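# sequence-free structure coming up:
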């Protein structure tokens with residue numbers, strides 16, 4: 001067991017933080033992507049360099065980042081659909097009267 005990869009640690013931390021920030025526009029979509037990319041790069045580095053460890057952290061960063069990204073996209077699609085339904089329905093006309 002050697003040094004823990006900094007990319008693996010960063011990927012895992014960003015993945016976890018992104019779960020809490022999925023409701024913030026742009027940041028909620030950017031952090032999971034960065035976590036996934038850093039996790040993949042960290043995993044490659046760990047597989048190529050036997051002195052590095054942190055494979056589990058890299059995998060965790062990739063998985064948690066992917067989950068956060070999927071949830072964030074679902075929230076965005078849901079909000080857009082909700083706004084379109086409200087805009088096209090008579091709800092807004094009844095509220096303004």
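Looks like it arrived, so ask away. Given the structure is predicted, the values throughout are model-derived calculations rather than measurements.
# Mind pulling up the pLDDT for the most centrally placed residue in the chain?
Centroid-nearest residue in the chain: residue 32, 2.3 Å away (criterion: C-alpha atoms, centre = their mean). On pLDDT, residue 32 comes in at 96.
# Show the backbone phi and psi for it.
Note on residue 32: its backbone torsions stand at phi -60, psi -40 [degrees, to the nearest 10].
# which residues sit in contact with it?
Residues near residue 32 by C-beta atoms under 8 Å, 6 or more residues apart in numbering: 14, 15, 18, 22, 65, 66, 68, 69, 72. Any C-beta I mention is one placed from the backbone N, CA and C, and that applies to glycine too.
# Could you report the neighbour count for the first one?
Pointing back at residue 14 there. The burial count assigned to residue 14 is 24, neighbours taken as other C-beta atoms under 10 Å.
# likewise the third one?
Residue crowding around residue 18 was assessed by other C-beta under 10 Å; the count is 28.
# Correct me if wrong: it contacts residue 64.
Yes - the criterion here is C-beta atoms under 8 Å, and residue 18 meets it with residue 64 at 7.4 Å.
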